[in-house]
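Participant: Sequence first, then the predicted structure, then my questions.
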Amino acid sequence: MADEETDAGDRSPVQSVDRALTILEILARTGDAGLGEIADELGVHKSTVSRTVAALAAHDLVEQTEARGPLRLGAGILRLAGATTARLDLVQEARPVCRVLAEQTGETVNVAVMAGHTALYVDQALGPSTITSYNWVGQHIPLHATSNGRVLLGGLAPAERPEAWGELTAFTPHTVTQPAELERLVTLAKERGYAVVRDELDIGLTAMAAPVHNAHGELIASISLSGPSFRMDPERERELLAPLRTAATDVSARLGWHG
């Protein structure tokens with residue numbers, strides 16, 4: 001086992017994170033373990049393990065059933081795993097629906113979820129009319145200047161929305177940057193069940209989105225159709241609205257919602 005002097009020089013944030021993750025892996029493998037056992041496996045002093053465990057316990061990732069007793073994984077792990085599983089379920093259930101929608105409409109279909117102050121694309125399907133094959137999966141987009149973002153904002157209470165959308169950056173001359181106007185548009189999108197945004201994130205890009213709900217009726221994602229503005233004029237938008245909303249309803253039903 002390393003002595004205190006060796007441990008004292010180990011102050012790298014990366015090393016601390018690595019040690020914390022290793023502790024979680026040890027507990028996942030063994031079921032439970034004492035501080036001494038973990039320290040021996042890591043090759044560090046017991047006090048170092050104690051400090052790291054205290055940080056993990058503060059986030060419910062590790063728990064101790066009794067004083068000086070063995071450690072085990074905490075309920076916080078289930079919370080994180082549940083969030084990951086929910087996102088994987090969303091993608092799995094949405095993918096076939098999105099592929100049909102893309103084929104049916106010829107446009108690009110994206111699925112997005114709220115991720116901090118942005119919307120995160122988690123899946124994409126390309127239609128035969130798609131001009132670009134750029135993969136948006138994993139990309140973050142602003143909430144205020146996108147149809148997906150405005151639909152997702154509708155899942156929050158009005159008092160929570162300004163903090164969520166953050167700074168209202170103007171990406172084009174058409175971007176809505178007035179809080180009152182944005183709030184009006186988010187409320188309108190929630191009432192209508194869809195949002196349309198034209199030329200606000202990029203000139204020449206129009207997108208429309210509809211909400212996806214989970215089995216509890218909570219708004220957890222949005223599905224969007226996007227394409228060049230010259231093709232997605234108001235008449236085309238009206239044609240696309242019905243298949244878009246049907247797809248969003250189908251995904252919600254596959255997740256257990258029948259509202």
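Facilitator: Received, thanks. Numbers count the residues shown, from 1 in each chain.

Participant: Just the strands from the stretch 51-200 of the chain, written as ranges.
Facilitator: Counting by DSSP state E, counting those that start in this stretch, the stretch 51-200 of the chain has strands at residues 62-64, 71-73, 108-115, 118-125, 140-142, 195-198.

Participant: Switch those strands over to JSON lines; also include mean pLDDT and distance to residue 20.
Facilitator: Bear in mind the C-beta positions are built from the backbone N, C-alpha and C, glycine included. Formatted as JSON lines, those follow (pLDDT from 0 to 100; distance: least, Cβ to Cβ, whole Å):
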{"stretch": "strand 62-64", "mean pLDDT": "83", "distance to residue 20": "9"}
{"stretch": "strand 71-73", "mean pLDDT": "84", "distance to residue 20": "12"}
{"stretch": "strand 108-115", "mean pLDDT": "92", "distance to residue 20": "23"}
{"stretch": "strand 118-125", "mean pLDDT": "90", "distance to residue 20": "25"}
{"stretch": "strand 140-142", "mean pLDDT": "92", "distance to residue 20": "26"}
{"stretch": "strand 195-198", "mean pLDDT": "96", "distance to residue 20": "40"}
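
Participant: Ok, which of those comes nearest residue 150?
Facilitator: Residue 150 lies closest to strand 195-198 among those, at 4.2 Å (Cβ to Cβ).

Participant: So which elements touch the following helix or strand past that closest one?
Facilitator: Tracing the chain C-terminally past strand 195-198 and defining elements by DSSP states H and E, one meets strand 205-213 next. Packing partners of strand 205-213 (3 or more Cβ pairs under 8 Å, 6 or more residues apart in numbering; DSSP states H and E): helix 147-153, strand 195-198, strand 219-228, helix 234-254.

Participant: my read: residue 140 touches residue 114, true?
Facilitator: No. With contact defined as Cβ atoms under 8 Å, residue 140 does not reach residue 114; the gap is 10.7 Å.
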